[in-house]
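Undergrad: Show me how the following folds:
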Amino acid sequence: MTRAAVMAGQLLDESDVVTLLHTPLAQLEKQFGLEGISDRGLSEAELNRAIERGLITTLMNELSILLRPAKGSARDILIYWSRKFELYNLKALIRGKLHDLPYEQIRESLHILPSLISLPHEQLLRTEDIPELLRQLEQTPYEGIANQARRVFEEKNEPFSLDATIDQRYYTGLLKHARACDIVDQPPLLRLIGSLIDRQNLPWLLRYRLNYKLSPTETYYLMVPSGRQLQSDLLKRLVNMQEIEQIVDALPASLKEQITEPATIMGIELAMAERMTHQARRCLMFSPSAVTRSLAYMMLRELDLKRVFAIIQGRVLKLNEQLIRQAADINPEVLSV
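TA: Below you'll find the predicted structure:
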């Protein structure tokens, strides 16, 4: 039995999440390593940062347990997946530079992460501008992301394309790491990561085309054309459509049947997230690949902790239960316990 299978007992089901709504706040804080956070008199922004940091620390501690027996390409893909959290720091650094924020204010917004994924924050904080920051980043394991991001920023000089490029290059890199894994691990890993990429690609495509009015070419350039069901040929057709109903109608039947009518971008995003969660749970339970089970566990645990974040934040801010339920994505059919 792998460590991921043992740790799966920590994952939350709907009744667990509802129970957290009514758990004494002090007990809830202690359970997730956030003792006394409600007593510190923090502003809402400070509270958000403190809760987020505490929950990311929990996630990184659990990752370290899964990394202990992992070697070679299996270890590499788990580490690469976790680099998404350092990309939050990279985006915070870029926003700080764009808005000319004080050094200390930018520094305070950064998460402290394990050294194996951490950027050289102090060095990056002292760079003169964004191109220089990205050039410095090219000397780190984030080279592939930084190189493409710098070219895009120098060409377009605007934050949206830079942010979207960072995300696109991250998922492309995750796919590349999966293809470098042992041959027996590749099929289940590619199914799992393909579902994750589909979950990102479809909402991106809808927002870029319908909300931001990007051209088909610009939109396709920002896709990851190797999802599980949304692959290159289909994406090329979808980006040329101009109505959400057209796009939904052109989807594979197994995706289309999960989208409720009338179709909205938010509804589609929730449906894709639910589909990805289902795939991750199947991988955790049934996959013969230890690294696939470990990655599936980390994906599911991250989703759990996002819901915990919403509950603790809402409880500390004394929001009403209905708002907290919505923020924590609790099924309305699950009643209070």
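Undergrad: Every contact and neighbour count from this point should use C-alpha atoms.
TA: OK.
Undergrad: Which residue ranges of the stretch 1-150 of the chain form strands?
TA: Taking DSSP state E, counting those that start in this stretch to define them, one finds no strands in the stretch 1-150 of the chain.
Undergrad: Now do the helices in it.
TA: Remark: helices assigned in the stretch 1-150 of the chain by DSSP state H, counting those that start in this stretch are 3-7, 14-22, 25-31, 44-67, 72-82, 84-98, 103-108, 121-125, 130-137, 143-156.
Undergrad: With mean neighbour count and distance to T260 added, can I get the ones you listed in TSV?
TA: As requested, the helices of the stretch 1-150 of the chain are exported to TSV (neighbours: other CA atoms under 10 Å; distance: least, CA to CA, whole Å):
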stretch	mean neighbour count	distance to T260
helix 3-7	16	33
helix 14-22	16	21
helix 25-31	15	35
helix 44-67	17	32
helix 72-82	18	31
helix 84-98	18	30
helix 103-108	13	41
helix 121-125	15	44
helix 130-137	19	42
helix 143-156	18	35
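Undergrad: May I see these organised as CSV, with mean pLDDT and distance to M276 added?
TA: Listed next are these as CSV, based on pLDDT from 0 to 100; distance: least, CA to CA, whole Å:
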stretch, mean pLDDT, distance to M276
helix 3-7, 86, 18
helix 14-22, 92, 17
helix 25-31, 90, 27
helix 44-67, 89, 19
helix 72-82, 96, 16
helix 84-98, 91, 17
helix 103-108, 89, 33
helix 121-125, 91, 33
helix 130-137, 92, 31
helix 143-156, 89, 24
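Undergrad: Which one of the ones you listed lies nearest to L305?
TA: With CA to CA as the measure, helix 44-67 is the member of the helices of the stretch 1-150 of the chain nearest L305 (6.4 Å).
Undergrad: Can you give the distance of that closest one from its chain's centre?
TA: Distance, stretch centre to chain centre, for helix 44-67: 13 Å (CA atoms, centre = their mean, to the nearest Å).
Undergrad: ok, now stretch 112-132?
TA: Centroid displacement of stretch 112-132 relative to its chain, using CA atoms, centre = their mean, is 20 Å.
Undergrad: Show residues contacting it.
TA: Applying CA atoms under 8 Å, 6 or more residues apart in numbering, the contact partners of stretch 112-132 are 53, 57, 60, 79, 82-83, 86, 93-94, 97-98, 103, 106-107, 133, 136-137, 140, 150, 153-154.
Undergrad: quick one: terminal-to-terminal distance for that stretch?
TA: 22 Å (CA to CA, to the nearest Å).
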